[in-house]
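[1] Test case, fold it:
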Amino acid sequence: MLIRQLHYLTALARERHFARAAASCNVTQPTLSAGIKQIEETLGVLVVERGHRFIGFTAEGERVLAWAQRVLADYEGLTQDLGGLREGLVGRLQIGVIPVALPLVHWLTEAFAEAHPRTTIQVLSQTSAEIQRGLDAFELDAGVTYLDNEPLARVRTFPLYEEHYVLVTPAGGAFDDRDKVTWEEAAGIPLGLLTNDMQNRRILDMHFREAGQVVRPVFETNSPFALLQHLTTMRWSTVLPHTYLAVIGELSGMRTLKLVEPDASHQVGLVVAEREPLQPLARALRAVAAQPSVRQRLELDILN
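    Model (predicted):
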């Protein structure tokens, strides 16, 4: 089997459509089909369930696909490693980042780009479940996600910073003379929050329950940007990770109060697939994350 034929197989898994998979590989559909047929003849198993359109993979095909993804990842790692010895690291670093970590991830990518100028970087806003799938399928080099809440499996972790929580609420309200507010008090005002498919929302719900409250937001969104835009109406409040203060600062007409009772925090960190050796891009990103200057920026105490 050739590396090219394994690319055909993984493209079919990604696109779930013969014509689109062929187009993504820049070949004709008969060429792609012939390549997959050769894999089947070489291994002596049926890989793809055939019909007028793509149906799926056989049980044997799922095993072949998993090995194909691993072989291609190792091959890509080998070429990156050899290229790095000659002229520096090359390739595209792909990072999946939970939305609430996006405000600080540029400290990582900036340092990485400076250390490895011949690489390119792709940052994808993803849920923790999507990051898990991307690492398992070798589609991501790394992720940035929570380490101590719903932790991912089959990964190596590297702590980056502790996330704390603040209430952002219109000025002129009951909390104007305060710099702190309890979770119980926050539950009693009109809130906009992220949807509960986002891990940040599940974390907030957990802390509201610890305060004896079940919060019922007046609006929900899966977009942090939309959440911030709704704040400008001055109708609602929200609970945000403290990291967003680095982006929004102090919004006009709004007050930012630290949430207490409980004084909650959660660890956010870098995750890479648990394998040896580490892929060169993942290994390089780990090294960048360990730099003292990067650590200092990520651990900046924005609340004080």
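[2] quick one: pLDDT of the closest residue to Gln279 other than its chain neighbours?
    Nearest non-adjacent residue to Gln279, counting by C-beta to C-beta, 6 or more residues apart in numbering: Gly77, 4.5 Å away. Just so you know, the C-beta spots here come from the backbone N, C-alpha and C atoms, and that holds for glycine as well. What the model reports as pLDDT for Gly77 is 75.
[3] after the one helix or strand Gly77 maps to comes which helix or strand?
    Under the criterion DSSP states H and E, the helix or strand holding Gly77 is helix 59-87. Using DSSP H and E, the helix or strand that follows helix 59-87 towards the C-terminus is strand 91-97.
[4] Okay, buried residues for the helix or strand harbouring Leu257 please.
    Assigned by DSSP H and E, Leu257 falls within strand 254-260. The neighbour-count check on strand 254-260 (16 or more other C-beta atoms under 10 Å) flags Met254, Arg255, Thr256, Leu257, Lys258, Leu259 as buried.
[5] Assess the claim that the first one and Leu167 are in contact.
    The one in question is Met254. No - between Met254 and Leu167 there is no contact under C-beta atoms under 8 Å: 10.0 Å.
[6] and Gly91, how many residues sit next to it?
    20 (other C-beta atoms under 10 Å).
[7] which ones are touching it?
    Shown in contact with Gly91 (C-beta atoms under 8 Å, 6 or more residues apart in numbering): Glu76, Gln80, Gly83, Thr119, Thr120, Pro280, Leu281.
[8] State the distance from it to Gln296.
    28 Å (C-beta to C-beta, to the nearest Å).
[9] State the helix or strand in which the spatially closest residue to Trp236 that is not a sequence neighbour lies.
    Excluding the flanking residues, the one nearest Trp236 by C-beta to C-beta, 6+ apart is Gly192, at 4.5 Å. Element membership for Gly192 (DSSP H and E) is strand 192-194.
[10] Tell me the strands beside that strand, with direction?
    Note on strand 192-194: by DSSP bridges, its sheet partners are strand 219-221 (parallel).
[11] For the following helix or strand past the strand it pairs with, buried residues please.
    Once strand 219-221 ends, the next helix or strand along the chain (criterion: DSSP H and E) is helix 224-231. Buried positions in helix 224-231, judged by neighbour count with 16+ other C-beta under 10 Å: Pro224, Leu227, Leu228, His230, Leu231.
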